[in-house]
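In: sequence and predicted structure are below.
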Amino acid sequence: MVTFAVAESAEGGSNDVATNAASTPTAAASSAAVESMPGTSGERPAQNLATKQTSLTAMYVQRPASVARQKRITALLFSMIVRDFQPFSIVEDAGFRALLHGLDPTYVIPTRHQLSRQLLVSKYQQAVDDVKRELSTAEAVSLTTDSWTSICTENYIAVTAHYVTAEFRLGSCLLECIRYTERHTADNLCTELRRLITEWSLEEKLVAVVTDNAANITAAIKQLQQTDGLRAVKHLPCFAHTLNLIVQPAVQSINNLKTKVKNIVTYFHQSTVAAAKLEELQAQMRPNQGTLKLKNDVVTRWNSTLHMCERMCEVQEPLNAAIAVLMNPVECLTTEEWEALKEIAVVLKPFDAVTTEISAERAVTASKIIMLARGLTTACNKIQPTLKSDPSKQVLAKLLEGMQKRFTAMESNILLARATFLDPRFKKNGFVTDSGYAKVKDSVTAEVSRQLSAAPTDAQPSATPAEHNRAATSVVDVHDLIWGDFIRSTAVAVRNPQASALSLVRQFVEEPHIGLQEDPLAWWKARVQVYRELVPLARRSFCVVATSVPSERVFSKAGQLISARRNRLAAKTVRMVMFLNAHYNE
């Protein structure tokens, strides 16, 4: 009883209550009665005592976690490190170890080397096998690629793959994010792409490669197209990069105004007194709206200039008041310049909206390029009569000039034209000229005809069981005498690939259009059996993405992994962590 009372105390129970209860006369009498019962004694049997000691030991000595539980927690720990780009050394941090011990004292925390040298390698290989298995089921694949330089002045190349799944959804995966030490010549880049295509067994599936407009990668794709088995691969310049080439000269045409705006923004970013005064005046003059900070632009991103101008216009009155209160430490904009800034923001806004829409990864985008290019031109022509300031008119003129130069041949790009034609939202409406529409329609018809010609066909129509029975029981087939000519003429018509292709394409064109916000892949999924010969062509067209933004997003994540605190990561570690991060977050 003493031992039990101590145990209760250790568990947080009241030792005094247990002792008092044992010392009462009733308890003493009960104890004496037990001891005086026949066959009992004051001493407990040794077996009962051993059992009691075992149960008490189980109460205070915790068993180690089972192998299954240990593996499950370790897998979750590893997933957290990879998903959130945590350092493997986090398992050595005192606070983190205390947290895990508090959650499960029986869990044995693995070492950093067990995670980075054993588990990382095995998980990476497993993920590679999963991606290869997924890509093996894809009928067609497109690639995007780009390069990036880390804060450690190390160059990396990323390649992403995109495809339409069996369930008619857009799938994407990271194939590589590797440190590249060679010079970025066309020959070297072509060799690297060829190696990757072979390694992932994409020779028979690759439709297009989407890159920026740099001369070296453009030349590399042209070399790649000379390789046997890859001659049909198309090169699609990144549409977002093309927009950047159009907008940048337009923005540079107003450098004087842009410099004045940047000077104001820079001053309020560098002066804490000025920033505090601007915040105070916003609270006074815009009490029902939150305080806003000025935005600065980035040289490589034209849309940052738009965001800088928009923010300036949002806080115009508090900003002018702050500059006046601070005794004009920086030159303020004139009334005319403020009006010009507002009009410039209106002019650039459609380009920003198109960049956002075209950069989606989980929506069909290649089929929108022709439509969006025409829509931007239309938007600029509508805005033009409303402009009053010379700077805004100058920006608009530069934009129209750039679009005239880069958008003229859009409909002649067979890759984009096919995607637009096969999109049930657009079809014929996606083309301005009848010649452009007729050309792509003929191209699709010819492709379907080739597929029908390549399909195995019997010389004679298949006989039914009834026909077999008649042939076996009758020397003269009466059914063939009556219906034979008709059946054979019908079979010949069915086996005419050109006629069948024309009929199929005509039927597709005559289908009603779907809404702009509807999913074209869902439309095709519902009609797989109706347009079996067109479906492969639709898959090949819709797997192509309009921009190389997916590769650029990889580098945004890589910047979180390779930081000032973690600047000594091995190249193979970066490669495996980036691949697993993309795989886990799909």
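Out: Structure's in. What do you need?

In: which residues in the stretch 101-250 of the chain form strands?
Out: 141-149, 155-164, 170-179, 206-211, 234-237 (DSSP state E, counting those that start in this stretch).

In: could these go into TSV alongside mean pLDDT and distance to Q125?
Out: (Each C-beta comes from the backbone N, C-alpha and C, glycine too.) Output for these, formatted as TSV (pLDDT from 0 to 100; distance: least, Cβ to Cβ, whole Å):
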stretch	mean pLDDT	distance to Q125
strand 141-149	95	21
strand 155-164	96	18
strand 170-179	95	15
strand 206-211	96	24
strand 234-237	94	32
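
In: format the ones you listed as a markdown table; extra columns: mean neighbour count.
Out: Formatted as a markdown table, the entries for these read as follows, by neighbours: other Cβ atoms under 10 Å:
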| stretch | mean neighbour count |
| --- | --- |
| strand 141-149 | 23 |
| strand 155-164 | 23 |
| strand 170-179 | 21 |
| strand 206-211 | 24 |
| strand 234-237 | 19 |
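
In: what mean pLDDT does stretch 250-258 get?
Out: For stretch 250-258, the per-residue pLDDT values average out at 92.

In: what is the end-to-end distance of that stretch?
Out: The separation between the terminal residues of stretch 250-258, taken as Cα to Cα, to the nearest Å, is 12 Å.

In: list the buried ones in stretch 417-429?
Out: Within stretch 417-429, the residues scored as buried using 16 or more other Cβ atoms under 10 Å are 417-427.

In: in helices, which of the residues you listed appear?
Out: Secondary structure of the buried residues of stretch 417-429 is defined by DSSP state H; positions in helices are 417-422.

In: what lies in contact with stretch 246-266?
Out: Contacts of stretch 246-266 with the rest of the structure, by Cβ atoms under 8 Å, 6 or more residues apart in numbering, involve 294-297, 302, 305, 308-309, 312, 319, 323, 330-333, 337, 340-341, 344, 348, 351, 391, 394-396, 398-399, 402-403, 406.

In: if we use 6 Å, what do you get?
Out: In this structure, residues lying in contact with stretch 246-266 by Cβ atoms under 6 Å, 6 or more residues apart in numbering are 294, 296, 302, 305, 330, 337, 351, 391, 394-395, 398-399, 402-403.

In: and for stretch 346-354?
Out: Contacts to stretch 346-354, defined as Cβ under 6 Å, 6+ apart, come from residues 243, 247, 303, 306, 372, 376, 379, 383, 392, 395-396.

In: domain-wise, how is the protein divided?
Out: Residue ranges of the domains in the chain are recorded as 2-60, 67-110, 123-238+548-584, 244-407, 414-542, according to automatic domain parsing.

In: V530: neighbouring residues, count only.
Out: Neighbour count for V530, taken as other Cβ atoms under 10 Å: 13.

In: find me the pLDDT at it, would you?
Out: We note a pLDDT of 91 for V530 in this prediction.

In: still on that earlier bit, the ones in helices among the buried residues of stretch 417-429 into TSV, with extra columns for pLDDT?
Out: Conversion of those to TSV gives the following (pLDDT from 0 to 100):
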residue	pLDDT
A417	96
R418	96
A419	96
T420	97
F421	97
L422	97
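
In: using JSON lines, lay out those residues together with distance to A564.
Out: Written out in JSON lines, the entries for these read as follows (distance: Cβ to Cβ, whole Å):
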{"residue": "A417", "distance to A564": "48"}
{"residue": "R418", "distance to A564": "47"}
{"residue": "A419", "distance to A564": "43"}
{"residue": "T420", "distance to A564": "46"}
{"residue": "F421", "distance to A564": "50"}
{"residue": "L422", "distance to A564": "48"}
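
In: so which of those is the closest to Q125?
Out: Nearest to Q125 among these is A419, at 35.5 Å by Cβ to Cβ.

In: from the buried residues of stretch 417-429, pick the one nearest A571.
Out: The nearest one, if we look at the buried residues of stretch 417-429 relative to A571 and count by Cβ to Cβ, is A419, at 36.8 Å.

In: that closest one against S367, yeah?
Out: Yes - proximity of A419 to S367 meets the contact threshold set by Cβ atoms under 6 Å, at 3.9 Å.

In: report the buried residues of stretch 211-229.
Out: For stretch 211-229, a neighbour-count test (16+ other Cβ under 10 Å) marks 211-212, 214, 216-217, 220-221, 223-224 as buried.

In: and the residue nearest the centre of this protein?
Out: Here the mean C-alpha position of the chain is nearest to the C-alpha of E361 (Cα atoms, centre = their mean), at a distance of 5.3 Å.

In: measure it to Y163 for me?
Out: E361 sits at a distance of 12 Å from Y163 (criterion: Cβ to Cβ, to the nearest Å).

In: just to revisit the earlier point, would you single out the least confident of the domains of the chain?
Out: Mean pLDDT per stretch puts domain 2-60 lowest among the domains of the chain, at a mean of 45.

In: including neighbour count, distance to Q118 and secondary structure, could the contacts of stretch 246-266 go into CSV?
Out: As requested, those are arranged in CSV below (neighbours: other Cβ atoms under 10 Å; distance: Cβ to Cβ, whole Å; DSSP: H, G, I helix; E, B strand; the rest coil):
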residue, neighbour count, distance to Q118, secondary structure
L294, 20, 50, coil
N296, 16, 45, coil
W302, 23, 46, helix
T305, 26, 49, helix
V330, 15, 58, coil
E337, 17, 63, helix
F351, 22, 49, helix
P391, 21, 62, helix
Q394, 16, 62, helix
V395, 26, 58, helix
K398, 20, 57, helix
L399, 26, 56, helix
G402, 18, 54, helix
M403, 19, 55, helix
